[in-house]
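Chemist: missing the sequence, but the structure's below:
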């Protein structure tokens, strides 16, 4: 009975060690993403305005009319179908000009024309993140912010192994979350891939547990003599 209890205690200890290591990994990932948010958005300073592309969306919000709310995708021909206004071309010009034109058109159609128009860039966040797939990001959101929109790194994700594709070309490979390039604004069509942690990093909890377990067995055998 004594040996059984000791083994049970060691088993609980091993599980606790694994849980603690997993928690520490998650906290480190969260801290790195928060640090990346603090980096200056260099891309915004070099790009004074936003330009929409096919696949992006325009969010519309009217404070009173619920039928005037929603996200409307930009189609392949660069147009979008908007409530009341119908089909409008929204690519090939700065967003500020597009927004002003649409706002003026809505002012003519609505008695209370206070309407909010927000562009959202389509960004692909793939690999070992919590919710891989398409994310629609505000133009102020950085690449690190897009990763955060996808839930951050998964348990096996490595935020020091980020790959970024832009316009079918490699922008950066194997960069960390605190790298300046990851602090840049995410652009329409960006493909962001978070790599997987190495075998030892992924199995460190198991390795520690195995070592602790082996030590426990040795101690148990020595005590039993």
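Modeler: Nice, I can see it. Quick caveat, the model's predicted, so the values are computed rather than measured. Numbers count the residues shown, from 1 in each chain.
Chemist: Tell me how many other residues surround the residue lying closest to residue 83 once chain neighbours are set aside.
Modeler: Nearest residue to residue 83, sequence neighbours excluded (CB to CB, 6 or more residues apart in numbering): residue 68, at 5.7 Å. Where C-beta positions appear, they are placed from N, C-alpha and C, glycine not excepted. Residue 68 is flanked by 18 other residues according to other CB atoms under 10 Å.
Chemist: does residue 68 really touch residue 60, like I thought?
Modeler: Yes: using CB atoms under 8 Å, residue 68 is in contact with residue 60, at 6.1 Å.
Chemist: Let me see the contact set for the nearest residue to residue 125 once chain neighbours are set aside.
Modeler: Once flanking residues are discounted, residue 125 sits nearest to residue 150: 3.9 Å by CB to CB, 6+ apart. Residues near residue 150 by CB atoms under 8 Å, 6 or more residues apart in numbering: 125, 129, 130, 131, 132, 133, 135.
Chemist: can you pull the pLDDT of the fifth one?
Modeler: At residue 132 the predicted local confidence, pLDDT, stands at 97.
Chemist: My read is that it contacts residue 125, right?
Modeler: Yes: between residue 132 and residue 125 there is a contact at 6.2 Å, judged by CB under 8 Å.
Chemist: Looking at those two, which is more packed in?
Modeler: residue 125 (25 against 18).
Chemist: pretty sure the more buried one is in a helix, no?
Modeler: No: using DSSP: H, G, I helix; E, B strand; the rest coil, the assignment for residue 125 is strand, not a helix.
Chemist: Contacts only, for it.
Modeler: Neighbours of residue 125 in contact, by CB under 8 Å, 6+ apart: 132, 133, 134, 135, 146, 147, 149, 150, 192, 194.
Chemist: Nearest residue to the first one in space, please, no chain neighbours.
Modeler: Nearest-residue entry for residue 132: residue 126, 5.0 Å, with adjacent residues in sequence omitted and distances by CB to CB, 6+ apart.
Chemist: State the number of residues packed around the one you found.
Modeler: Residue 126, neighbours per other CB under 10 Å, totals 15.
Chemist: So what sits opposite it in the bridge?
Modeler: residue 193 (DSSP bridges).
Chemist: and the gap between it and residue 166?
Modeler: From residue 126 across to residue 166, the span is 14 Å (CB to CB, to the nearest Å).
Chemist: what's the answer for residue 103, then?
Modeler: For residue 103, the distance to residue 166 (CB to CB) stands at 30 Å.
Chemist: Which of the two has more residues huddled nearby?
Modeler: residue 166 (17 against 14).
Chemist: Contacts only, for residue 121.
Modeler: Under the criterion of CB under 8 Å, 6+ apart, the neighbours of residue 121 are 50, 53, 56, 136, 137, 138, 139, 141, 186, 187, 188, 190.
Chemist: 7 Å instead?
Modeler: By CB atoms under 7 Å, 6 or more residues apart in numbering, the contact set of residue 121 is 56, 136, 137, 139, 186, 187, 188.
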